[in-house]
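Enquirer: Predicted model and sequence follow; I will ask about them next.
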Amino acid sequence: MLSMSSLWLPILVSAVGVFIASAILHMVLPIHKGDYKQLPDEEAVRAAMQKSPPAPGQYMVPFLADLKDFNTPEIQKKYAEGPVGMLTIQANGPVNMGKSLSIWFVLCVVVSDFCAYIAGLSLSAGSDYLKVFQVVGATAFMAYGLGEPANAIWRGQPWGTTFRHLAGGLVYALVTAGVFGWLWPQG
């Protein structure tokens, strides 16, 4: 078993690597450019929401206060008429990219910490590159990718968007695994 302190370098370098890879995926190769669509008559929707502005949070339409009401004729009519969806409302004002990028980097470090923890428990110093790559890659992919299908299953995220997120998660896992394999303690 390896100590976490012996893995600080691959933790930090892999987090930086994933941060850079995500910047390339989102800015140079904007694979998520088509993930969001504009609402029809967006200005009318915005005006209606401004009359009774919702607080930041997640909303569901139609809303059910209690699941036992799901099969009532009134709720079934609302579902049939539509729209049916989920909506996330953020606080007014410009998106704070600095804050979001900082939190993303912290998440990258946390994922690398867990990868180091699992690999450190299951591998020893001097382990073969490929073995380190396999353990860390699988762990990182679970963290970066496997939560995405739940968004398609439960929140209606289009499967195309989900597959693009999975592809990004695979890239991040490969970067993390490669760095850990490269910087794995040898003795």
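Expert: Now that the structure is in, tell me what you want to look at.

Enquirer: where exactly do the strands run in the chain?
Expert: Shown for the chain, the strands assigned by DSSP state E span residues 57-61, 85-89.

Enquirer: Turn those strands into a markdown table, columns for distance to Met142, mean pLDDT and mean neighbour count.
Expert: C-betas here are computed from N, CA, C, even on glycine. Supplementary listing: the strands of the chain in a markdown table, determined by distance: least, C-beta to C-beta, whole Å; pLDDT from 0 to 100; neighbours: other C-beta atoms under 10 Å:
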| stretch | distance to Met142 | mean pLDDT | mean neighbour count |
| --- | --- | --- | --- |
| strand 57-61 | 24 | 94 | 11 |
| strand 85-89 | 24 | 92 | 12 |
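
Enquirer: export the ones you listed to CSV and tack on distance to Val13?
Expert: Listed next are these as CSV, based on distance: least, C-beta to C-beta, whole Å:
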stretch, distance to Val13
strand 57-61, 35
strand 85-89, 33
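
Enquirer: out of these, nearest to Gln38?
Expert: Closest of the strands of the chain to Gln38 is strand 85-89, at 14.1 Å (criterion: C-beta to C-beta).

Enquirer: For the closest one, which strands pair with it and how are they oriented?
Expert: Strand pairing for strand 85-89, using DSSP bridges, gives strand 57-61 (antiparallel).

Enquirer: can you count the residues close to the residue lying closest to Leu146 once chain neighbours are set aside?
Expert: The shortest distance from Leu146 to any residue other than its chain neighbours is 7.4 Å, reached at Gly169 (C-beta to C-beta, 6 or more residues apart in numbering). For Gly169, the tally of surrounding residues (other C-beta atoms under 10 Å) stands at 19.

Enquirer: Gly169 contacts Thr139, doesn't it?
Expert: No - using C-beta atoms under 8 Å, Gly169 is not in contact with Thr139, being 11.9 Å away.

Enquirer: what ranges do the helices span in this structure?
Expert: Taking DSSP state H, the helices of the chain run over residues 8-23, 42-51, 73-81, 97-122, 129-144, 148-155, 159-183.

Enquirer: mind listing what's buried in the third one?
Expert: In other words, helix 73-81. Buried residues in helix 73-81, counted by 16 or more other C-beta atoms under 10 Å: Lys78.

Enquirer: again, but for the fifth one
Expert: Of all the residues in helix 129-144, those buried under the rule 16+ other C-beta under 10 Å are 132-133, 135-137, 139-144.

Enquirer: Make JSON lines out of these and add pLDDT and distance to Pro53.
Expert: As requested, the buried residues of helix 129-144 are arranged in JSON lines below (pLDDT from 0 to 100; distance: C-beta to C-beta, whole Å):
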{"residue": "Val132", "pLDDT": "98", "distance to Pro53": "51"}
{"residue": "Phe133", "pLDDT": "98", "distance to Pro53": "50"}
{"residue": "Val135", "pLDDT": "98", "distance to Pro53": "48"}
{"residue": "Val136", "pLDDT": "98", "distance to Pro53": "45"}
{"residue": "Gly137", "pLDDT": "98", "distance to Pro53": "45"}
{"residue": "Thr139", "pLDDT": "98", "distance to Pro53": "42"}
{"residue": "Ala140", "pLDDT": "98", "distance to Pro53": "40"}
{"residue": "Phe141", "pLDDT": "98", "distance to Pro53": "40"}
{"residue": "Met142", "pLDDT": "98", "distance to Pro53": "38"}
{"residue": "Ala143", "pLDDT": "98", "distance to Pro53": "35"}
{"residue": "Tyr144", "pLDDT": "98", "distance to Pro53": "34"}
